[in-house]
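Enquirer: predicted model, plus sequence, below.
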Amino acid sequence: MDKSNIQISFELPAQKYILAPVGAFLEQFFNSHPELKKKEFFNSIKLVIYEAVSNVIKHAYSEKKQDKVKIKLELGEKKLTLEVIDFGQGFNLLDIPEPNPNDPKEGGRGLFLIKKIANTVSYFYSKKEKGNVLHIEISMD
């Protein structure tokens, strides 16, 4: 992440109760930033963060071992970069099928939504973070 851009980082327990406070903080930040007052842009970012963190909570850790999730947000001149980092079991992004529109079951749509909103999505193990990184880039044009 570029040092000249605005950077926000959270390291929190991987629990559902963190979603609302993170969303509230980001809403305050977006509403006070002169370039980010576009409501639909904030809602897209909030949805991406909620889906990514929810996936960590549901899939990265066993029910007996809850750990942490790290959220990094970098606001550049033309793009927003988001990294959601977990320290649990990883997965292959290519192994996750797109949801079947004829099967409206709840769940299974998080990565699909993230991919539809973002310009770039990748998932990899980072030696620097010592964890799995869901890297997301969203254009602000």
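Expert: Cool, the structure landed.

Enquirer: tell me where the chain has helices.
Expert: 19-32, 39-55, 110-117 (DSSP state H).

Enquirer: could you dump these to JSON lines with distance to Gly131 and mean pLDDT?
Expert: The C-beta positions use only the backbone N, C-alpha and C, and glycine is treated the same way. Compiled in JSON lines, the helices of the chain are given as follows (distance: least, C-beta to C-beta, whole Å; pLDDT from 0 to 100):
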{"stretch": "helix 19-32", "distance to Gly131": "18", "mean pLDDT": "87"}
{"stretch": "helix 39-55", "distance to Gly131": "13", "mean pLDDT": "84"}
{"stretch": "helix 110-117", "distance to Gly131": "18", "mean pLDDT": "87"}
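
Enquirer: need those helices in CSV (columns: distance to Asp103 and mean neighbour count).
Expert: Compiled in CSV, the helices of the chain are given as follows (distance: least, C-beta to C-beta, whole Å; neighbours: other C-beta atoms under 10 Å):
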stretch, distance to Asp103, mean neighbour count
helix 19-32, 26, 14
helix 39-55, 18, 18
helix 110-117, 13, 17
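
Enquirer: could you dump those helices to CSV with distance to Gly76?
Expert: Shown next, in CSV, are the helices of the chain (distance: least, C-beta to C-beta, whole Å):
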stretch, distance to Gly76
helix 19-32, 15
helix 39-55, 14
helix 110-117, 17
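
Enquirer: just the CA atoms of the helix or strand bottoming out on mean pLDDT in the chain, as CSV, please.
Expert: The weakest-scoring helix or strand in the chain, judged by mean pLDDT, DSSP states H and E, is helix 39-55 (a mean of 84). Once non-C-alpha atoms are left out, helix 39-55 reads as follows in CSV (Å, rounded to 0.1, in the frame of the first residue of the first chain):
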residue,chain,number,x,y,z
LYS,A,39,-23.9,7.3,-1.1
GLU,A,40,-24.0,4.5,-3.6
PHE,A,41,-20.2,4.2,-3.5
PHE,A,42,-20.2,3.9,0.3
ASN,A,43,-23.0,1.3,0.2
SER,A,44,-20.9,-0.8,-2.2
ILE,A,45,-17.8,-0.6,-0.1
LYS,A,46,-19.8,-1.5,3.1
LEU,A,47,-21.3,-4.5,1.3
VAL,A,48,-17.9,-5.7,0.2
ILE,A,49,-16.5,-5.3,3.7
TYR,A,50,-19.5,-7.0,5.3
GLU,A,51,-19.3,-10.0,2.9
ALA,A,52,-15.6,-10.4,3.2
VAL,A,53,-15.5,-10.2,7.0
SER,A,54,-18.6,-12.5,7.2
ASN,A,55,-16.8,-15.1,5.1
